[in-house]
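1. structural data only, the sequence is not supplied:
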Ligand code: DHB
Ligand code: FE
(Lines give C-alpha, C1' and ligand atoms only; values in the text may rest on other atoms or scores of the structure.)
(Ligands and ions follow the chains in the order given, each with its own letter.)
Protein backbone atom coordinates (compact mmCIF):
# COMPACT_ATOMS: atom_id res chain seq x y z
CA UNK A 1 0.00 0.00 0.00
CA UNK A 2 1.36 3.45 -0.86
CA UNK A 3 1.72 6.06 1.88
CA UNK A 4 -0.95 8.23 0.29
CA UNK A 5 -3.43 5.41 0.23
CA UNK A 6 -2.61 4.44 3.79
CA UNK A 7 -3.71 7.94 4.81
CA UNK A 8 -7.08 7.56 3.07
CA UNK A 9 -9.88 8.05 5.55
CA UNK A 10 -13.57 7.32 5.62
CA UNK A 11 -14.12 11.07 5.68
CA UNK A 12 -12.48 11.30 2.22
CA UNK A 13 -14.49 8.45 0.65
CA UNK A 14 -17.68 9.60 2.33
CA UNK A 15 -17.32 13.24 1.32
CA UNK A 16 -16.36 12.33 -2.25
CA UNK A 17 -19.17 9.77 -2.61
CA UNK A 18 -21.67 12.33 -1.38
CA UNK A 19 -20.33 14.94 -3.85
CA UNK A 20 -20.52 12.41 -6.73
CA UNK A 21 -24.11 11.56 -5.82
CA UNK A 22 -25.15 15.19 -5.51
CA UNK A 23 -23.74 15.95 -8.98
CA UNK A 24 -25.41 12.94 -10.60
CA UNK A 25 -28.41 13.44 -12.91
CA UNK A 26 -31.49 11.99 -11.30
CA UNK A 27 -34.98 11.35 -12.67
CA UNK A 28 -37.31 14.03 -11.32
CA UNK A 29 -41.09 13.98 -11.52
CA UNK A 30 -44.14 15.19 -9.64
CA UNK A 31 -44.55 13.73 -6.15
CA UNK A 32 -46.97 10.78 -6.15
CA UNK A 33 -48.50 11.44 -2.73
CA UNK A 34 -50.47 8.17 -2.60
CA UNK A 35 -47.30 6.16 -3.28
CA UNK A 36 -45.10 8.13 -0.89
CA UNK A 37 -47.80 7.78 1.77
CA UNK A 38 -48.15 4.02 1.28
CA UNK A 39 -44.39 3.34 1.26
CA UNK A 40 -43.78 5.59 4.27
CA UNK A 41 -46.60 4.02 6.28
CA UNK A 42 -45.21 0.53 5.65
CA UNK A 43 -41.58 1.54 6.27
CA UNK A 44 -42.46 3.12 9.61
CA UNK A 45 -44.67 0.18 10.57
CA UNK A 46 -41.73 -2.18 9.87
CA UNK A 47 -39.54 -0.09 12.16
CA UNK A 48 -42.19 0.02 14.90
CA UNK A 49 -42.49 -3.75 14.73
CA UNK A 50 -38.73 -4.12 15.24
CA UNK A 51 -38.84 -1.80 18.28
CA UNK A 52 -41.60 -3.95 19.84
CA UNK A 53 -40.04 -7.29 18.90
CA UNK A 54 -36.65 -6.39 20.39
CA UNK A 55 -38.00 -4.18 23.22
CA UNK A 56 -35.67 -1.39 22.10
CA UNK A 57 -34.65 0.86 25.03
CA UNK A 58 -34.28 4.66 25.23
CA UNK A 59 -30.49 4.19 25.42
CA UNK A 60 -30.61 2.27 22.14
CA UNK A 61 -32.96 4.80 20.56
CA UNK A 62 -30.56 7.62 21.48
CA UNK A 63 -27.61 5.63 20.13
CA UNK A 64 -29.49 5.33 16.84
CA UNK A 65 -30.15 9.10 16.73
CA UNK A 66 -26.49 9.87 17.43
CA UNK A 67 -25.37 7.42 14.75
CA UNK A 68 -27.79 8.77 12.11
CA UNK A 69 -26.50 12.29 12.77
CA UNK A 70 -22.94 11.03 12.33
CA UNK A 71 -23.66 9.26 9.03
CA UNK A 72 -24.76 12.62 7.62
CA UNK A 73 -21.76 14.45 9.07
CA UNK A 74 -19.41 11.83 7.57
CA UNK A 75 -21.17 12.13 4.19
CA UNK A 76 -21.59 8.35 4.30
CA UNK A 77 -25.22 8.00 3.21
CA UNK A 78 -24.20 6.81 -0.31
CA UNK A 79 -21.79 4.26 1.18
CA UNK A 80 -24.24 2.96 3.75
CA UNK A 81 -27.27 2.75 1.43
CA UNK A 82 -25.36 1.18 -1.47
CA UNK A 83 -23.96 -1.53 0.80
CA UNK A 84 -27.13 -2.39 2.73
CA UNK A 85 -30.11 -1.41 0.58
CA UNK A 86 -29.22 -1.06 -3.11
CA UNK A 87 -29.16 -4.81 -3.88
CA UNK A 88 -32.91 -5.07 -3.29
CA UNK A 89 -33.71 -1.93 -5.32
CA UNK A 90 -31.67 -3.44 -8.18
CA UNK A 91 -33.50 -6.77 -7.85
CA UNK A 92 -36.86 -5.02 -8.21
CA UNK A 93 -35.70 -2.70 -11.02
CA UNK A 94 -34.26 -5.48 -13.20
CA UNK A 95 -36.69 -8.34 -12.49
CA UNK A 96 -38.04 -8.35 -16.06
CA UNK A 97 -34.75 -8.38 -17.98
CA UNK A 98 -33.93 -11.23 -20.33
CA UNK A 99 -30.32 -10.35 -21.13
CA UNK A 100 -27.20 -9.45 -19.15
CA UNK A 101 -27.55 -9.77 -15.38
CA UNK A 102 -27.18 -6.56 -13.35
CA UNK A 103 -26.17 -5.81 -9.79
CA UNK A 104 -25.52 -2.74 -7.64
CA UNK A 105 -23.69 0.34 -8.93
CA UNK A 106 -22.16 1.34 -5.60
CA UNK A 107 -21.01 4.88 -4.78
CA UNK A 108 -17.83 5.11 -6.87
CA UNK A 109 -18.91 5.60 -10.52
CA UNK A 110 -17.75 8.70 -12.42
CA UNK A 111 -18.93 9.44 -15.97
CA UNK A 112 -16.45 10.67 -18.58
CA UNK A 113 -13.54 8.23 -18.30
CA UNK A 114 -10.95 8.17 -21.15
CA UNK A 115 -12.59 6.73 -24.29
CA UNK A 116 -11.30 4.21 -26.86
CA UNK A 117 -12.68 2.15 -29.74
CA UNK A 118 -12.68 -1.68 -29.50
CA UNK A 119 -9.56 -1.91 -27.29
CA UNK A 120 -8.14 -0.04 -24.34
CA UNK A 121 -5.41 -0.19 -21.75
CA UNK A 122 -6.93 1.30 -18.61
CA UNK A 123 -5.02 4.31 -17.28
CA UNK A 124 -2.68 3.06 -14.55
CA UNK A 125 0.41 4.12 -12.67
CA UNK A 126 3.85 3.06 -13.88
CA UNK A 127 4.23 0.75 -10.90
CA UNK A 128 0.55 -0.28 -10.65
CA UNK A 129 0.44 -3.36 -8.41
CA UNK A 130 -1.69 -6.39 -9.29
CA UNK A 131 -1.94 -9.30 -11.71
CA UNK A 132 -2.23 -8.15 -15.36
CA UNK A 133 -5.69 -8.94 -16.63
CA UNK A 134 -7.20 -9.07 -20.13
CA UNK A 135 -10.97 -8.67 -20.02
CA UNK A 136 -12.80 -9.01 -23.32
CA UNK A 137 -16.12 -9.90 -24.82
CA UNK A 138 -18.87 -9.01 -27.25
CA UNK A 139 -21.96 -6.86 -26.81
CA UNK A 140 -24.96 -8.35 -28.60
CA UNK A 141 -28.73 -8.12 -28.82
CA UNK A 142 -30.84 -10.86 -27.23
CA UNK A 143 -30.41 -13.03 -30.36
CA UNK A 144 -26.63 -12.84 -30.19
CA UNK A 145 -26.17 -10.35 -33.05
CA UNK A 146 -23.18 -8.01 -32.35
CA UNK A 147 -24.04 -4.39 -31.55
CA UNK A 148 -22.13 -1.65 -33.35
CA UNK A 149 -21.51 1.47 -31.25
CA UNK A 150 -22.22 -0.13 -27.87
CA UNK A 151 -20.54 1.55 -24.91
CA UNK A 152 -18.71 -0.49 -22.26
CA UNK A 153 -17.64 1.51 -19.19
CA UNK A 154 -15.30 -0.20 -16.73
CA UNK A 155 -14.10 1.04 -13.33
CA UNK A 156 -12.53 -0.83 -10.45
CA UNK A 157 -10.43 -0.56 -7.31
CA UNK A 158 -6.65 -0.97 -7.25
CA UNK A 159 -4.59 -3.73 -5.65
CA UNK A 160 -5.26 -2.15 -2.25
CA UNK A 161 -9.03 -1.91 -2.76
CA UNK A 162 -9.06 1.90 -3.36
CA UNK A 163 -10.88 3.84 -6.11
CA UNK A 164 -9.47 6.84 -8.00
CA UNK A 165 -11.33 10.13 -7.37
CA UNK A 166 -12.52 8.84 -3.98
CA UNK A 167 -9.24 8.08 -2.26
CA UNK A 168 -6.76 10.98 -2.38
CA UNK A 169 -3.41 10.54 -4.11
CA UNK A 170 -4.51 8.29 -7.01
CA UNK A 171 -4.38 9.79 -10.55
CA UNK A 172 -7.80 11.06 -11.66
CA UNK A 173 -8.84 8.34 -14.11
CA UNK A 174 -6.74 5.50 -12.73
CA UNK A 175 -8.35 2.12 -13.58
CA UNK A 176 -11.32 3.76 -15.30
CA UNK A 177 -12.07 3.65 -19.02
CA UNK A 178 -14.72 3.21 -21.68
CA UNK A 179 -14.79 1.43 -25.03
CA UNK A 180 -17.12 2.02 -27.96
CA UNK A 181 -17.56 -1.18 -29.98
CA UNK A 182 -17.19 -1.38 -33.77
CA UNK A 183 -19.43 -3.47 -36.06
CA UNK A 184 -18.21 -6.76 -34.53
CA UNK A 185 -19.48 -5.69 -31.07
CA UNK A 186 -16.15 -6.62 -29.49
CA UNK A 187 -14.28 -4.94 -26.65
CA UNK A 188 -10.99 -5.72 -24.91
CA UNK A 189 -9.60 -4.02 -21.79
CA UNK A 190 -6.11 -4.52 -20.43
CA UNK A 191 -5.97 -3.79 -16.72
CA UNK A 192 -4.97 -5.41 -13.42
CA UNK A 193 -7.10 -7.56 -11.15
CA UNK A 194 -8.56 -5.53 -8.29
CA UNK A 195 -8.35 -6.55 -4.62
CA UNK A 196 -11.26 -6.99 -2.19
CA UNK A 197 -12.80 -3.72 -0.97
CA UNK A 198 -13.18 -2.87 2.69
CA UNK A 199 -15.80 -0.39 3.90
CA UNK A 200 -13.75 2.41 5.53
CA UNK A 201 -13.44 1.27 9.15
CA UNK A 202 -12.96 4.72 10.67
CA UNK A 203 -16.37 6.13 9.68
CA UNK A 204 -19.96 5.63 10.75
CA UNK A 205 -20.69 2.73 8.34
CA UNK A 206 -17.60 0.92 9.60
CA UNK A 207 -18.63 1.60 13.21
CA UNK A 208 -22.07 0.14 12.50
CA UNK A 209 -20.60 -3.02 10.95
CA UNK A 210 -18.22 -3.47 13.89
CA UNK A 211 -20.95 -2.91 16.48
CA UNK A 212 -23.10 -5.53 14.75
CA UNK A 213 -20.20 -8.01 14.77
CA UNK A 214 -20.13 -8.37 10.98
CA UNK A 215 -17.16 -8.07 8.60
CA UNK A 216 -16.70 -4.99 6.38
CA UNK A 217 -15.55 -6.67 3.12
CA UNK A 218 -16.73 -6.95 -0.47
CA UNK A 219 -15.07 -9.46 -2.84
CA UNK A 220 -12.74 -8.14 -5.56
CA UNK A 221 -14.90 -6.88 -8.41
CA UNK A 222 -15.04 -5.08 -11.75
CA UNK A 223 -17.79 -2.47 -12.20
CA UNK A 224 -19.44 -2.12 -15.62
CA UNK A 225 -22.08 -0.09 -17.39
CA UNK A 226 -22.97 -1.45 -20.82
CA UNK A 227 -25.34 0.35 -23.19
CA UNK A 228 -26.18 0.81 -26.86
CA UNK A 229 -28.63 2.86 -28.90
CA UNK A 230 -32.14 1.39 -28.54
CA UNK A 231 -31.00 -0.95 -25.74
CA UNK A 232 -31.45 -0.89 -21.97
CA UNK A 233 -28.32 0.09 -20.08
CA UNK A 234 -27.12 -2.59 -17.68
CA UNK A 235 -25.11 -1.72 -14.57
CA UNK A 236 -23.29 -4.70 -13.14
CA UNK A 237 -20.22 -6.14 -11.43
CA UNK A 238 -18.08 -9.19 -12.08
CA UNK A 239 -16.32 -11.24 -9.42
CA UNK A 240 -13.49 -13.81 -9.37
CA UNK A 241 -14.22 -17.47 -8.75
CA UNK A 242 -12.74 -18.69 -5.48
CA UNK A 243 -11.93 -15.13 -4.35
CA UNK A 244 -12.24 -14.06 -0.73
CA UNK A 245 -15.76 -12.89 0.26
CA UNK A 246 -17.40 -14.04 -3.01
CA UNK A 247 -19.65 -16.23 -0.88
CA UNK A 248 -19.96 -13.63 1.89
CA UNK A 249 -20.27 -10.13 0.37
CA UNK A 250 -21.26 -7.50 2.96
CA UNK A 251 -23.29 -5.79 0.16
CA UNK A 252 -25.02 -9.05 -0.92
CA UNK A 253 -24.47 -8.13 -4.58
CA UNK A 254 -22.89 -11.36 -5.90
CA UNK A 255 -24.97 -13.51 -8.28
CA UNK A 256 -23.73 -16.84 -9.70
CA UNK A 257 -23.87 -15.53 -13.31
CA UNK A 258 -21.48 -12.73 -12.38
CA UNK A 259 -18.56 -14.90 -11.24
CA UNK A 260 -15.64 -15.01 -13.71
CA UNK A 261 -13.31 -17.95 -14.15
CA UNK A 262 -10.15 -16.39 -15.64
CA UNK A 263 -7.40 -18.57 -17.09
CA UNK A 264 -3.66 -17.88 -17.52
CA UNK A 265 -3.30 -15.47 -20.46
CA UNK A 266 -2.17 -16.83 -23.85
CA UNK A 267 0.48 -14.07 -23.82
CA UNK A 268 2.09 -15.75 -20.80
CA UNK A 269 1.53 -12.71 -18.54
CA UNK A 270 -1.36 -12.55 -16.09
CA UNK A 271 -4.89 -13.82 -16.63
CA UNK A 272 -7.60 -13.42 -19.22
CA UNK A 273 -11.32 -13.99 -19.46
CA UNK A 274 -14.13 -13.52 -21.97
CA UNK A 275 -17.56 -12.30 -20.86
CA UNK A 276 -20.37 -11.28 -23.23
CA UNK A 277 -23.28 -8.90 -22.65
CA UNK A 278 -26.69 -9.36 -24.33
CA UNK A 279 -28.69 -6.14 -24.03
CA UNK A 280 -32.47 -6.02 -23.71
CA UNK A 281 -34.29 -3.70 -26.11
CA UNK A 282 -35.68 -0.48 -24.67
CA UNK A 283 -39.16 -1.34 -23.45
C1 LIG B 1 -19.61 0.28 -1.73
C2 LIG B 1 -18.36 0.22 -2.32
C3 LIG B 1 -18.18 -0.47 -3.50
O4 LIG B 1 -16.99 -0.54 -4.12
C5 LIG B 1 -19.27 -1.10 -4.10
O6 LIG B 1 -19.03 -1.75 -5.24
C7 LIG B 1 -20.52 -1.05 -3.51
C8 LIG B 1 -20.68 -0.34 -2.33
C9 LIG B 1 -19.80 1.07 -0.47
O10 LIG B 1 -18.83 1.27 0.28
O11 LIG B 1 -20.93 1.52 -0.25
FE1 FE C 1 -17.02 -1.30 -5.93
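-> Done, it's in. In this text, all values refer to a predicted model and were calculated from it rather than measured experimentally. Ligands and ions are numbered 1, 2, ... in the order given.
2. only C-alpha atoms from now on, for both contacts and neighbour counts.
-> Noted.
3. for the longest strand along the chain, packing partners?
-> The strand spanning the most residues in the chain, taking DSSP state E as the definition, is strand 132-140. Judged by 3 or more Cα pairs under 8 Å, 6 or more residues apart in numbering; DSSP states H and E, strand 132-140 is in contact with strand 186-192, strand 271-274, strand 277-278.
4. indicate which one of the ones you listed is closest to ligand 1.
-> For the helices and strands packed on strand 132-140, the distance to ligand 1 is smallest for strand 186-192, at 16.0 Å, taking Cα to the nearest ligand atom.
5. what lines up beside that closest one in the sheet?
-> strand 119-121 (parallel), strand 132-140 (antiparallel) (DSSP bridges).
6. just the mean pLDDT for that strand, thanks.
-> For strand 186-192, mean pLDDT rounds to 98.
7. list the contacts of it.
-> 117-122, 124, 129-139, 146, 152, 158-159, 175, 179-181 (Cα atoms under 8 Å, 6 or more residues apart in numbering).
8. which of these count as buried?
-> 117-122, 124, 132-136, 138-139, 146, 152, 158-159, 175, 179-181 (16 or more other Cα atoms under 10 Å).
9. re earlier: same list (the helices and strands packed on strand 132-140) but as a markdown table, adding distance to residue 31 and mean neighbour count.
-> Putting the helices and strands packed on strand 132-140 into a markdown table (distance: least, Cα to Cα, whole Å; neighbours: other Cα atoms under 10 Å) gives the following:
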| stretch | distance to residue 31 | mean neighbour count |
| --- | --- | --- |
| strand 186-192 | 41 | 23 |
| strand 271-274 | 44 | 18 |
| strand 277-278 | 34 | 22 |
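10. CSV for those, including distance to residue 208?
-> Formatted as CSV, the helices and strands packed on strand 132-140 follow (distance: least, Cα to Cα, whole Å):
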stretch, distance to residue 208
strand 186-192, 32
strand 271-274, 37
strand 277-278, 36
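11. the longest helix anywhere in the chain: which residues count as buried?
-> Using DSSP state H to define each element, the chain has its longest helix at helix 33-54. Buried positions in helix 33-54, judged by neighbour count with 16+ other Cα under 10 Å: none.
12. any idea how far the residue lying closest to residue 182 once chain neighbours are set aside is from ligand 1?
-> Leaving out its chain neighbours, the residue that sits closest to residue 182 by Cα to Cα, 6 or more residues apart in numbering is residue 148, at 5.0 Å. Counting by Cα to the nearest ligand atom, to the nearest Å, the separation of residue 148 from ligand 1 is 28 Å.
13. and what of residue 153?
-> Counting by Cα to the nearest ligand atom, the gap from residue 153 to ligand 1 is 14 Å.
14. surely residue 217 meets residue 250?
-> Yes - Residue 217 lies in contact with residue 250 (Cα atoms under 8 Å); the separation is 5.8 Å.
15. dig out what the residue nearest to residue 120 when sequence neighbours are not counted forms beta bridges with.
-> Spatial nearest neighbour of residue 120, chain neighbours left out: residue 189 (4.9 Å); criterion: Cα to Cα, 6+ apart. For residue 189, the beta-bridge partners are residue 120, residue 135 (DSSP bridges).
16. ok, residue 248 - contacts?
-> 218-219.
17. quickly note the distance from it to residue 202.
-> 22 Å (Cα to Cα, to the nearest Å).
18. how about residue 150?
-> Going from residue 150 to residue 202 by Cα to Cα gives 40 Å.
19. the two: which has the busier surroundings?
-> Ranked by neighbour count (other Cα atoms under 10 Å), residue 150 and residue 202 place residue 150 first, with 27 against 11.
20. give me the phi and psi for the closest residue to the more buried one other than its chain neighbours.
-> Excluding the flanking residues, the one nearest residue 150 by Cα to Cα, 6+ apart is residue 228, at 4.2 Å. Main-chain dihedrals, residue 228, degrees, to the nearest 10: phi -160, psi 160.
21. now do residue 178
-> Torsion angles, degrees, to the nearest 10, at residue 178: phi -140, psi 140.
22. what's the helix or strand containing residue 89 in contact with?
-> In the assignment (DSSP states H and E), residue 89 maps to helix 86-93. With contact meaning Cα under 8 Å, 6+ apart, helix 86-93 is reached by 102-104, 106, 251-253.
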